[in-house]
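>>> Here is my input, please return the structure:
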Amino acid sequence: VIISLLSLLSCSAIPDRRNTDIILKDENIESKATNTLYSDTKINKKIHVNVTSYNGIVLVTGEVLTEELGQQVIDVVRNLPDVKRVHNELTVGNLTSFESRSGDTWITSKVKSQMLSTRDLKSTLIKVVTENDTVYLMGIVTEKEANEAADVARNVEGVKRVVKIFEYIPEPVKPEATKK
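Residues are numbered from 1 along each chain as shown. Next up is the predicted model:
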């Protein structure tokens with residue numbers, strides 16, 4: 001917990017539209033879900049699951065060997081405190097290989113790098129998750145920011161699909177627009 005708090009404090013200069021309390025709740029959701037699922041010896045060898053929370057909106061990606069296991073995973077996540085909504089992106093089938101997961105990590109790095117170098121895109125507002133060459137984008141953004149982020153991700157080599165899981169806010173009013 002202390003390490004998490006220190007890492008949050010050290011990142012406080014990074015723009016985020018969530019407050020510290022919400023960030024901690026998101027980390028708690030991810031941690032509790034992962035610990036609950038992987039400490040269950042009846043299922044932990046039959047799943048490869050990633051749980052990502054942003055403002056209480058939870059993305060569940062990965063593979064499960066059966067539909068029943070998938071429903072069990074989603075039930076665990078859905079019943080955690082502070083979860084507002086769950087996006088189930090689990091697939092039923094064989095668990096992915098280390099090579100596939102490494103490829104996903106590489107795609108995420110390339111997408112983040114491209115976003116960082118894209119002018120006027122506040123890349124720190126966008127969480128990037130890649131699973132099986134599909135890039136999921138999360139955050140609290142304007143429609144313009146969402147579309148720009150999706151365009152960047154879509155043009156990264158190796159990306160097969162981009163899924164936007166954003167919460168939208170209105171575009172800021174420009175000062176000159178308020179003058180008469």
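>>> hey, where'd the helices end up in the protein?
2-10, 20-39, 67-78, 98-116, 143-154, 175-178 (DSSP state H).
>>> Out of those helices, which is the most enclosed?
Per-stretch averages of neighbours, counted by mean count of other Cβ atoms under 10 Å, single out helix 143-154 among those, with a mean of 18. The C-beta positions use only the backbone N, C-alpha and C, and glycine is treated the same way.
>>> just how off-centre is it within its chain?
15 Å (Cα atoms, centre = their mean, to the nearest Å).
>>> Kindly report the same for stretch 131-141.
Offset of stretch 131-141 from its chain centre (Cα atoms, centre = their mean): 6 Å.
>>> Just the buried positions in that stretch, please.
Neighbour counts over stretch 131-141 (16 or more other Cβ atoms under 10 Å) mark 131-132, 134-141 as buried.
>>> Let me see the contact set for residue 76.
If a contact means Cβ atoms under 8 Å, 6 or more residues apart in numbering, then residue 76 has 33, 36-37 as its contacts.
>>> Nearest to residue 146, out of these: which one, please.
Here the nearest of these to residue 146, counting by Cβ to Cβ, is residue 33; it sits at 25.3 Å.
>>> I figured the closest one hits residue 78, correct?
No: the criterion here is Cβ atoms under 8 Å, and residue 33 misses it with residue 78 at 9.9 Å.
>>> So what sits opposite residue 86 in the bridge?
Taking DSSP bridges as the rule, residue 86 bridges to residue 58.
>>> Having no further points to raise, I will conclude here.
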